[in-house]
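A.B. asks: coords below, sequence missing:
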């Protein structure tokens, strides 16, 4: 028993001694001798990425550079001297334009040259020439001017198909914002099928009531001086003419507008040939889709049989629509707190081409029809579908005239 206690005491002593003793230090690894270290070494930057990586990253910029170098010689700066109605001294305005053909015709906005006494054109290389107005159209806000220069100074543009433009596509503008020649800005097409009142562009009350259809909306920077310059696609083709911005300050705030190339191709040859454009006219009006009163928005509250088309609100007395028997609204109602004259015919197609709204109907007339043409409208009247032939007339150049519907008579 005494032996066992002694053994236990010895064991406890050994354990306590082991716990009290520090653990042995680890053996250090061999180190580099001090003499072998380069304490004065200079930082070496990493090697540049391969050319293939740079080329892939810069592919878009190479495209833009190429477009600029090809198209800049086609774009001109336009300086307009206008005699104000009252002031003794002339005022000077600026805009952009681009070469249309080898005969010296240049396209710009009508509001750029409106009232011009003298027009000076400066080409990309600095060469200057005086121009004269061939024709201007306030409805489309397009004008053609002409310079008398050697053909080798002229580089006409190529037009693209503006009907094929889609939201999200690249939109490139070349022009002279704030007088800064040959400036390029890039963005995307941010909207399609907009309408701009012609009078809003030109401040001409005589043409109020007619809209410029199928306008292309972009987020490309468009500032004063860009007006009249080309809007280009990724192939360097003209898809529109820059015309206006929506702004509270006078400078670009994210929304710009361009007249589509299809309208340009319809208007410009007529301006060159006759100095003016004759548009086909129906003689109807409809509530604004932008205000929430298009057919799609009214289909449910008015129990309409279709969700696309043009709901006729007013018919101008004596107009082609009136002569053809097109019916305007017949009763007054209220939709979302607003008075609506409902019950009119709904135009759903013209010459077999279906239209979703007023913009598409006007766009068809602008591009495809002329005064004197006979067209066939497909309409919905109540529960019936009817075809109505109609002979188009030229748009009036002054007051539109008395419009009548079944709810009230307006002048």
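C.D. replies: Alright, I've got the coordinates. Predicted, not measured: the structure shown is a model, and the values here were computed from it.
A.B. asks: low-confidence stretches in the stretch 1-150 of the chain?
C.D. replies: 1-41, 84-92 (pLDDT under 70).
A.B. asks: 90 - rerun?
C.D. replies: For the stretch 1-150 of the chain, the stretches with pLDDT under 90 are 1-62, 81-94, 111-112, 114-117, 138-140.
A.B. asks: check the stretch 301-411 of the chain too.
C.D. replies: Looking at the stretch 301-411 of the chain by pLDDT under 90, you get 301-304, 313-314, 316-317, 329-343, 357-360, 362-363, 366-367, 382-383, 394-411.
A.B. asks: repeat that with 50
C.D. replies: Where the stretch 301-411 of the chain drops to pLDDT under 50, the residues are 409-411.
A.B. asks: now the helices for it?
C.D. replies: 320-324, 358-368 (DSSP state H, counting those that start in this stretch).
A.B. asks: so which of the ones you listed comes closest to residue 129?
C.D. replies: helix 358-368 (31.5 Å; Cβ to Cβ). From N, CA and C alone the C-beta is placed, and that goes for glycine too.
A.B. asks: so how far is the closest one from its chain's centroid?
C.D. replies: With Cα atoms, centre = their mean, to the nearest Å as the basis, helix 358-368 stands 17 Å off its chain's centre.
A.B. asks: by contact count, what packs against that helix?
C.D. replies: strand 183-197, strand 211-218, helix 261-274, strand 280-281, strand 346-350 (3 or more Cβ pairs under 8 Å, 6 or more residues apart in numbering; DSSP states H and E).
A.B. asks: and the last one with helix 358-368, angle?
C.D. replies: If I follow you right, that is strand 346-350. 30 degrees (axes from the mean of the first three to the mean of the last three Cα atoms, to 10 degrees).
A.B. asks: before we move on, what about the first one?
C.D. replies: Using the same axes, to 10 degrees, the direction of strand 183-197 lies 110 degrees away from that of helix 358-368.
A.B. asks: got a list of contacts for stretch 263-272?
C.D. replies: 100, 105, 107, 134-137, 140, 142-144, 159, 162, 212-214, 238, 240-241, 276-278, 363, 366-367 (Cβ atoms under 8 Å, 6 or more residues apart in numbering).
A.B. asks: show me which residues of it are buried.
C.D. replies: 263-264, 266-268, 270-272 (16 or more other Cβ atoms under 10 Å).
A.B. asks: so which of those is the closest to residue 393?
C.D. replies: Nearest to residue 393 among the buried residues of stretch 263-272, with distances taken as Cβ to Cβ, is residue 270, at 16.8 Å.
A.B. asks: ok, residue 305 - contacts?
C.D. replies: 346, 380, 383.
A.B. asks: which one is the residue most central in space within the chain nearest to, not counting chain neighbours?
C.D. replies: When Cα atoms, centre = their mean is applied to the chain, the residue found nearest the centroid is residue 217 (2.3 Å). Nearest residue to residue 217 in three dimensions, chain neighbours excluded: residue 191, at 3.4 Å (Cβ to Cβ, 6 or more residues apart in numbering).
A.B. asks: would you quantify the distance from the one you found to residue 241?
C.D. replies: Distance, residue 191 to residue 241, by Cβ to Cβ, to the nearest Å: 17 Å.
A.B. asks: these two - which one has more neighbours?
C.D. replies: Neighbour tally, residue 191 and residue 241, criterion other Cβ atoms under 10 Å: the higher count belongs to residue 241, 30 against 13.
A.B. asks: wait, that one touches residue 258, no?
C.D. replies: Yes. Using Cβ atoms under 8 Å, residue 241 is in contact with residue 258, at 5.9 Å.
A.B. asks: helices of the stretch 101-250 of the chain, residue ranges please.
C.D. replies: Assigned by DSSP H, counting those that start in this stretch, the stretch 101-250 of the chain shows helices spanning 110-113, 198-202.
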